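# sharing a model prediction with you, sequence too.
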Amino acid sequence: MTTSIITQKMIAQALKDLMNHQAFQKISVSDIMKQCEMRRQTFYYHFQDKYELLAWIYQSDTKEHIADFLDYERWDTILYQLFHYFYDHQTFYKNALSVTEQNDFGDYLYHELHQLFIHVIKDLSHHASSEQLDYQAKFFAHGFVGMTKDWLLSGCDASPIVMRDVVYGLLDEQLKISSHESEEQQ
């Protein structure tokens, strides 16, 4: 890992730590850099502002927990790992949900999940047209984001395993219905 990435990760961790105790809106760049014991100028070498840092966290977290696993891990395992990660970092993500000015957490999660569900539906449903595939992936990505937001805001009242099983069951049932309809149309 390059020094630049290590520094970015340290700055990101400082923001995560601070967001476990206070609202994002109340945190300044000076607070972040004091937390990670670096000079303020170092922050601006890597990020324009704290919103860009927040976006970087979303991108790196979702990439590390979704995109990097698409080609070699089962999708239900990816979902479990993602739910488990959110569960372990629920205070940060609950706080992140309150950021609506720019860099909305839901938008980043939706984008990554849309790609995941396209991948999943392609693997599980050989009858879907590319248009059906995209609509189904959008439907599940929007639903997943909504469920995840509700789950985080409720204090993660269900376990990551239960959440994975709910999504798995819904997707499996929908794909069976879609596959059956496609076969009837042929």
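Happy to help now that I have it. Residues are numbered from 1 along each chain as shown.

# how far away is the residue nearest the centre of the chain from Lys34?
In the chain, the residue lying closest to the centroid (Cα atoms, centre = their mean) is Leu109, at 3.8 Å. Note on Leu109: its distance to Lys34, by Cβ to Cβ, to the nearest Å, is 29 Å. All C-beta atoms are positioned from the backbone trio N, CA, C, and that covers glycine.

# sorry, back to before: which secondary structure element is home to the residue nearest to the centre of the chain?
If you go by DSSP states H and E, Leu109 is part of helix 105-124.

# can you name the element that comes right after that helix?
Sequence order places helix 130-153 as the next helix or strand after helix 105-124, per DSSP H and E.

# any idea of the angle that next one forms with helix 105-124?
130 degrees (axes from the mean of the first three to the mean of the last three Cα atoms, to 10 degrees).

# which residues sit against helix 130-153?
Residues from elsewhere that reach helix 130-153 (Cβ atoms under 8 Å, 6 or more residues apart in numbering): 83, 86, 90, 93-94, 97, 106, 109-110, 113-118, 121-122, 125, 128, 157-158, 163, 166-167, 170-171, 174-175, 178, 182.

# if we use 6 Å, what do you get?
90, 93-94, 97, 106, 109-110, 113-114, 117-118, 121, 171 (Cβ atoms under 6 Å, 6 or more residues apart in numbering).

# for that helix, buried residues please.
Buried residues in helix 130-153, defined by neighbour count with 16 or more other Cβ atoms under 10 Å: 133, 136-137, 140-141, 143-145, 147-149, 151-152.

# now stretch 6-18
7-8, 11-12, 14-16, 18.

# and if you look at stretch 87-104?
Those would be 87, 89-90, 92-97, 99, 103-104, for stretch 87-104 by 16+ other Cβ under 10 Å.

# cross these against helices and list the overlap.
87, 90, 92-96 (DSSP state H).

# which of those residues lies closest to Phe47?
Sorting those by distance to Phe47 puts Ala96 at the head of the list, at 16.0 Å, by Cβ to Cβ.

# now do the same for that closest one: its pLDDT.
We note a pLDDT of 88 for Ala96 in this prediction.

# what is the neighbour count of Gly155?
9 (other Cβ atoms under 10 Å).

# where does the prediction get shaky in the protein?
In the predicted model, the chain carries pLDDT under 70 at residues 1, 67, 70, 125-128, 175, 177-186.
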